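# heads up, no residue letters with this:
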Ligand SMILES: Nc1ncnc2c1ncn2[C@@H]1O[C@H](COP(=O)(O)OP(=O)(O)O)[C@@H](O)[C@H]1O
Ligand SMILES: [Mg+2]
């Protein structure tokens with residue numbers, strides 16, 4: 001098995017599909033588990049992920065609190081060598097590197113996507129987003145052909161499978177994550193489900209559940225907080241508890257390597273309740 005951090009790349013050649021939102025939440029969830037996380041934003045224009053982490057740092061300063069967070073950087077150049085150097089530097093002291101990419105075909109986004117250990121493609125529940133992976137027949141909604149992007153990833157995975165043997169790299173896991181579920185009507189959602197299942201068999205991705213449509217995911221941006229920041233959010237309603245669980249399910253569904261050690265073992269997500277009780281009674 002390869003040593004070095006696990007690289008998680010959020011990519012989809014389309015804007016507004018939830019890449020940055022999902023990336024931030026996954027990065028913070030891993031940090032909450034005690035993992036050392038670095039977040040590289042390749043969307044130098046929008047910098048959504050970077051801004052989220054800046055806001056988080058600012059909240060820590062303003063409230064004089066400490067929160068699990070990531071080392072965050074933006075790469076705004078256009079040199080693959082420079083980006084690789086930044087990645088190598090961060091690799092020395094981190095367990096996970098999270099890349100957020102711009103929603104367009106971009107050489108750097110391609111570069112990191114084809115080298116991902118886990119490639120996450122968020123998709124809103126809409127055939128407009130689905131089109132980025134495959135095209136469906138207008139009458140039957142059967143998948144007609146793969147998109148250019150799906151072909152690209154398919155090729156990358158083939159090359160990667162060879163490298164897996166040659167350089168003992170990990171195999172790439174491609175996960176399509178549904179975002180903003182519950183937003184569209186049930187019939188449309190079912191059609192998308194069917195088309196995704198069909199396509200996943202042909203292209204070799206997995207479908208994992210993501211975040212549902214919730215105002216809270218947008219509202220927390222200015223403070224840089226997430227639903228995992230217990231004790232810093234004020235009063236939470238039941239829907240927020242459901243959302244927190246949804247976040248844990250998302251991270252669990254990515255099948256990432258386990259976080260071995262960390263400064264905050266009591267923050268481990270999904271720790272069995274018996275463990276929690278043991279920790280609490282030890283405290
Ligand atoms: N699960 C969600 N619920 C509500 N709003 C969301 C959700 N995911 C994303 N958004 C909103 O949708 C917009 C696009 O999301 P973003 O993560 O920036 O997408 P991308 O990075 O792919 O362009 C943002 O305004 C974001 O706040
Ligand atoms: Mg973005």
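Okay, I see it. The shown structure was predicted, so the numbers you read here are calculated from the model rather than taken from an experiment. Ligands and ions are numbered 1, 2, ... in the order given.
# Can you name the residue of the stretch 1-150 of the chain nearest ligand 2?
residue 20 (3.4 Å; C-beta to the ion). C-beta: built from backbone N, CA, C; applies to glycine.
# Am I right that that residue is in contact with residue 45?
No. Contact between residue 20 and residue 45 fails when scored by C-beta atoms under 8 Å: they sit 12.0 Å apart.
# Could you check which of these two is surrounded by more residues?
More neighbours surround residue 20 than the other of residue 20 and residue 45, with 26 against 8 (other C-beta atoms under 10 Å).
# does ligand 1 sit close to the helix or strand hosting that one?
Using DSSP states H and E, residue 20 sits within helix 19-32. Yes. Applying C-beta under 6 Å from any ligand atom, one finds helix 19-32 in contact with ligand 1 at 19-21.
# Next, the residues that contact the next helix or strand after that helix from outside, please.
Beyond helix 19-32 on the C-terminal side, the first helix or strand identified by DSSP H and E is strand 37-41. Residues outside strand 37-41 that contact it (C-beta atoms under 8 Å, 6 or more residues apart in numbering): 5, 23-24, 27, 30-31, 47-50, 53, 69-75, 83, 86-87, 90, 93-100.
# what lines up beside strand 37-41 in the sheet?
Using DSSP bridges, the strands paired with strand 37-41 are strand 71-74 (parallel), strand 96-100 (parallel).
# Looking at those, spot the one closest to residue 169.
Distance to residue 169, taken as C-beta to C-beta, is lowest for strand 96-100 among the strands paired with strand 37-41, at 14.5 Å.
# Show me how far the closest one is from its chain's centre.
Centre-to-centre, strand 96-100 and its host chain are 8 Å apart (C-alpha atoms, centre = their mean, to the nearest Å).
# orientation of that strand relative to helix 19-32 in degrees?
170 degrees (axes from the mean of the first three to the mean of the last three C-alpha atoms, to 10 degrees).
# And the next helix or strand along the chain from strand 96-100, what's buried?
Proceeding N to C from strand 96-100, the next assigned helix or strand is helix 107-114, under DSSP H and E. Residues of helix 107-114 classed as buried: 108-114 (neighbour count, 16 or more other C-beta atoms under 10 Å).
# number of nearby residues for residue 103?
Neighbours around residue 103, by other C-beta under 10 Å: 18.
# The nearest residue to it once chain neighbours are set aside: helix or strand, and which one exactly?
Excluding its sequence neighbours, the residue lying closest to residue 103 (C-beta to C-beta, 6 or more residues apart in numbering) is residue 15, at 3.4 Å. Using DSSP H and E, residue 15 falls within no helix or strand.
# And residue 15, what's its pLDDT?
Looking at residue 15, its pLDDT reads 88.
# What residues does this structure have near ligand 2?
Contact residues, the chain versus ligand 2 (C-beta under 5 Å from the ion): 19-20, 48.
# Now with 8 Å, please.
Within the chain, the positions adjacent to ligand 2 are 15-16, 19-21, 23, 43, 46, 48-49, 100-103 by C-beta under 8 Å from the ion.
# out of these, who has the most neighbours?
residue 100 (30 neighbours).
# That one contacts residue 18, correct?
No. Here residue 100 lies out of contact with residue 18, judged by C-beta under 8 Å, at a distance of 10.9 Å.
# that older thread, so which of the strands paired with strand 37-41 is the most packed in?
strand 96-100 (a mean of 28; mean count of other C-beta atoms under 10 Å).
# That one near ligand 1 anywhere?
No. Strand 96-100 stays clear of ligand 1 (C-beta under 6 Å from any ligand atom), getting no nearer than 6.8 Å.
# Excluding its own residues, what touches that strand? List them.
So strand 96-100 is contacted by 5-11, 19-20, 23-24, 26-27, 30, 35-43, 48-49, 70, 87, 90-91, 112, 116, 256 (C-beta under 8 Å, 6+ apart).
# re the thing from before, switch the strands paired with strand 37-41 over to TSV; also include mean pLDDT.
Shown next, in TSV, are the strands paired with strand 37-41 (pLDDT from 0 to 100):
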stretch	mean pLDDT
strand 71-74	98
strand 96-100	98
